[in-house]
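Engineer: one predicted model, sequence on top.
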Amino acid sequence: MADALLEVQDLRVHFRTQDGLVKAVDGVSYSLERGRTLGIVGESGSGKSVTSLAIMGLHHGSSAQISGHIRLDGEELVGAPPARVRELRGDKMAMIFQDPLSSLHPYFPVGSQIVEAYRVHHPDATKKQARQRAVDMLGRVGIPEPAVRVDDYPHQFSGGMRQRVMIAMALCNDPGLLIADEPTTALDVTVQAQILDLISDLQAEFGSAVVIITHDLGVVAELSDDILVMYAGRVVEYGSAASIFARPGHPYTWGLLASMPRLDRDRSTRLVPIPGTPPSLIRVPSGCPFHPRCRYGHLNGGRSETERPELHETEETGHLVACHLSAAERTKQWGLLSAGQVPDNVKEPVPQGGVEA
């Protein structure tokens, strides 16, 4: 897209190990415009965080083999000099990590860490100006008495307050792209809601493009304009949040939705978990990687086991699904599942393998 701030095209991130080649990300593509929020969802090990670490250039120096294209505001990042990516990181793009206690340095006051992040990209700023910027940002993210707390250490803050400090640090240079990797992990539900509201409010203020990485569909329902569903390093569904929540097209997405309580539906039956475990990324199943766990794989004549499904557009413009089921079959099966019914022709799979330890 010509007006996209972030374009990811056929991104692949592979790692060579003693056990074999780990295909952590295997052909991911999406785009994101300024002011919009993309939610990336999937189970642990699906490639969500690896994709975003590649965008931030944080695989440099590891055994990662990266190919494809990552363009930030038109500038190619794959293959760019590490020094150039460092210049962009923290300035044009920033990331909020899921564990602020391990991301913040325990030996320095939080204000000093924000000052450092600011002065790296504003070398002409004085220490006084940078400190005032830190105080202003702490106040913006809702930390009380910021002029006093700017000199406190990370251990003196609660989990929710530490996450606010991380958000203040990430936004101190007004980045165009903000990536939040599980930003509400380990926080109680009240604090989760506050953090999500804060990210939404700051996005409106700064006009940033936001990527939310999570396994919690409640988070993406709250914030996201678009949703990308990943499984085994690949995209299995991509579309607007409204479309995916109302008319999901992939059995894996059905499983994610059917296994969570929803307030917008009358549910009198038990939640339906996804059977089995995610596959090893060293030995990804042939054909559709989800087929060993899929209740519907036998409905397409065995294609799931031998033929890899490619993303194709559904009846709705911009809604992409990688599934061999026909449009009519998908509509029928989701209708039955969302109504709490399981038809006779659906079989319980016998999952094989699992995630490598």
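Structural biologist: Received it, and whenever you're ready, just let me know what you need.
Engineer: bridged to the residue nearest in space to the middle of the chain, which residues?
Structural biologist: Closest to where the C-alpha atoms of the chain average out (CA atoms, centre = their mean) is residue 213, at 2.2 Å. Legend: beta-bridge partners of residue 213 under DSSP bridges are residue 40, residue 181.
Engineer: from what I see, it and residue 40 are in contact.
Structural biologist: Yes - between residue 213 and residue 40 there is a contact under CB atoms under 8 Å: 5.0 Å. To be clear about C-beta, it is placed using only N, CA and C from the backbone, and glycine gets the same treatment.
Engineer: could you tell me which residues touch both of the two?
Structural biologist: Shared contacts of residue 213 and residue 40 (CB atoms under 8 Å, 6 or more residues apart in numbering): 48, 52.
Engineer: all strands of the protein, in order?
Structural biologist: With DSSP state E as the criterion, the chain has strands at 4-17, 20-33, 37-41, 64-72, 75-76, 93-96, 177-181, 209-214, 226-231, 234-240, 312-313, 320-321.
Engineer: and the second one, average pLDDT?
Structural biologist: It refers to strand 20-33. In this model, strand 20-33 has an average pLDDT of 94.
Engineer: packing partners of it?
Structural biologist: Packed against strand 20-33, as judged by 3 or more CB pairs under 8 Å, 6 or more residues apart in numbering; DSSP states H and E, are the following elements: strand 4-17, helix 48-55, strand 209-214, strand 226-231, strand 234-240.
Engineer: at 6 Å instead, please
Structural biologist: Counting contacts by 3 or more CB pairs under 6 Å, 6 or more residues apart in numbering; DSSP states H and E, strand 20-33 is packed against strand 4-17, helix 48-55.
Engineer: burial check on residue 151, number of neighbours?
Structural biologist: 12 (other CB atoms under 10 Å).
Engineer: so what's it up against?
Structural biologist: 109, 111 (CB atoms under 6 Å, 6 or more residues apart in numbering).
Engineer: what's the burial count for residue 89?
Structural biologist: 20.
Engineer: okay, and for the stretch 201-350 of the chain, where does confidence drop off?
Structural biologist: By pLDDT under 70, the weakly predicted segments of the stretch 201-350 of the chain are 261-270, 340-350.
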